[in-house]
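Novice: Have a look; sequence and predicted model below, questions after that.
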Amino acid sequence: MMAEKGPKAKALAGGTDILVQLRGRRFFIDRLVDVKGVPEMNELSCSAEEGLTLGAAVPCYRIYEDDTIQSLYSGLVDAAFLIGGIQIQGRASVGGNLCNASPSGDTIPILIALGASCVIEGPKGSRTLPVEDFCTGPGQNVLQDGELLVALKFPPPAANSGAHYLRFIPRNEMDIAVAGAGASVVLEDDKETIKSARISLAAVGPTPIFAEEASELLAGRAASEGSFEAAAEAAKAAARPISDMRGTAKQRIHLSGVLTKRALREAVARAQG
Ligand SMILES: Cc1cc2nc3c(=O)[nH]c(=O)nc-3n(C[C@H](O)[C@H](O)[C@H](O)COP(=O)(O)OP(=O)(O)OC[C@H]3O[C@@H](n4cnc5c(N)ncnc54)[C@H](O)[C@@H]3O)c2cc1C
């Protein structure tokens, strides 16, 4: 159905982005394909051994109401719980948040931090790619005509690992991030040394940013304020924000550092149990 209409077809998951955009006449299409009834897109399976398979159309509330996901992927729960309010969370999917490819999409940094990958199906077959390679520009992604994101796959959580996502908005809820940061860490058995880390930023570039240098410099360092500070400086250097009505580029760079530090502190606290 998607392939028949090429660029004039779009998927409908929760509709919380696309219905607003269509009503606002941001673009015109001939066909909306409701994917919520596709079984693979509603799959939600999670275990410590197999990791997490999150169907692309699974709404946010199913994520944060799942006890196993809460204990194994609490960083993802942070983001799912932030999207809009309770009504939006009843429909909005993580898959839709990613495919919408907004630089400020709240779930995308934690998907990157957790090392999730995209399972994509289309007329030419299936392919898998890391989430950090999915968004190509504001509102743009790698999907070709007829292709659908079917699921997101998360590796099983490593021993002594933790993750956290947080954002800055000028009011308590229902707003778009001025900046956001997601971090995941794996600690050594001593629980005081960082084995590896992944840091990702929202709303400070044309796409969500995987801050690779900030992530890599943490390997082998103490899980301490000094290390978090060093990573925060590297994250600030990776940010490429614009100034707009929500905030200036200068404020966003500052926030990238502050939020990176806070995300790392909480990720480490979770990893330490
Ligand atoms: C009041 C309100 C508050 C909001 N608050 C937030 C917030 O705090 N943080 C935030 O990040 N966002 C927020 N949003 C935006 C939106 O809710 C999220 O981006 C949401 O996760 C989108 O998911 P959806 O399932 O509704 O996507 P849809 O609107 O159904 O789809 C979004 C886009 O992705 C495409 N798409 C969807 N699924 C697939 C698929 N499987 N394969 C290929 N393409 C697909 C659609 O064609 C469309 O282009 C808010 C929206 C509203 C209306």
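Specialist: Cool, got the structure. Residues are numbered from 1 along each chain as shown.
Novice: interface residues of the stretch 51-200 of the chain facing the ligand?
Specialist: With C-beta under 6 Å from any ligand atom as the criterion, the stretch 51-200 of the chain meets the ligand at residues 56, 82-84, 88, 91-93, 95-97, 99-100, 105-106, 143, 148-149, 174. For every residue, glycine as well, the C-beta is placed using N, CA and C.
Novice: let's see it at 8 Å
Specialist: 56-57, 59-60, 79, 82-85, 88, 91-102, 104-108, 141, 143, 147-150, 169, 173-177 (C-beta under 8 Å from any ligand atom).
Novice: Among those, name the ones in strands.
Specialist: When those are checked against strands (DSSP state E), the matches are 141, 148-150.
Novice: Separate out the buried members of those residues.
Specialist: With burial judged by 16 or more other C-beta atoms under 10 Å, the buried subset of those is 141, 148-150.
Novice: ok, those residues vs residue 123, which is closest?
Specialist: residue 148 (10.3 Å; C-beta to C-beta).
Novice: re the thing from before, just the buried ones among the ones in strands among the residues of the stretch 51-200 of the chain next to the ligand now: which is nearest residue 225?
Specialist: Closest approach between those and residue 225, by C-beta to C-beta: residue 141, at 36.8 Å.
Novice: in the chain, which ranges drop under the pLDDT threshold?
Specialist: Low-confidence segments of the chain (pLDDT under 70): none present.
Novice: Which one of the residues in it is closest to the ligand?
Specialist: Closest contact between the chain and the ligand, by C-beta to the nearest ligand atom, is at residue 96 (2.2 Å).
Novice: Emit the ChimeraX select command for whichever of the residues of the stretch 51-200 of the chain next to the ligand are buried.
Specialist: Command for ChimeraX that selects the buried part of these, burial taken from 16+ other C-beta under 10 Å:
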select :56,57,59,60,79,82,83,84,91,92,93,94,95,96,97,98,99,100,101,102,104,105,106,107,108,141,143,147,148,149,150,169,177
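Novice: which of the residues in the top helix by length along the chain are buried?
Specialist: Determined from DSSP state H, the single longest helix within the chain is helix 249-271. Within helix 249-271, the residues that count as buried by 16+ other C-beta under 10 Å are 252-264, 266-268, 270-271.
Novice: and it, anywhere near the ligand?
Specialist: No - Helix 249-271 does not reach the ligand (C-beta under 8 Å from any ligand atom); its nearest approach is 14.9 Å.
Novice: would you put the C-alpha positions of that helix in PDB?
Specialist: C-alpha atoms of helix 249-271 as PDB (Å, rounded to 0.1, in the frame of the first residue of the first chain):
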ATOM      1  CA  ALA A 249      22.600  29.000  20.500                       C
ATOM      2  CA  LYS A 250      24.700  30.100  23.500                       C
ATOM      3  CA  GLN A 251      22.100  28.900  26.000                       C
ATOM      4  CA  ARG A 252      21.800  25.600  24.200                       C
ATOM      5  CA  ILE A 253      25.500  25.000  24.300                       C
ATOM      6  CA  HIS A 254      25.500  25.700  28.000                       C
ATOM      7  CA  LEU A 255      22.500  23.400  28.600                       C
ATOM      8  CA  SER A 256      24.300  20.600  26.600                       C
ATOM      9  CA  GLY A 257      27.000  20.600  29.300                       C
ATOM     10  CA  VAL A 258      24.700  20.900  32.300                       C
ATOM     11  CA  LEU A 259      22.300  18.200  31.000                       C
ATOM     12  CA  THR A 260      25.100  15.800  30.000                       C
ATOM     13  CA  LYS A 261      26.500  16.000  33.600                       C
ATOM     14  CA  ARG A 262      23.100  15.400  35.100                       C
ATOM     15  CA  ALA A 263      22.300  12.500  32.800                       C
ATOM     16  CA  LEU A 264      25.700  10.900  33.600                       C
ATOM     17  CA  ARG A 265      25.200  11.300  37.400                       C
ATOM     18  CA  GLU A 266      21.900   9.600  37.300                       C
ATOM     19  CA  ALA A 267      23.000   6.900  34.800                       C
ATOM     20  CA  VAL A 268      25.900   6.100  37.200                       C
ATOM     21  CA  ALA A 269      23.700   6.100  40.200                       C
ATOM     22  CA  ARG A 270      21.400   3.600  38.500                       C
ATOM     23  CA  ALA A 271      24.300   1.400  37.400                       C
END
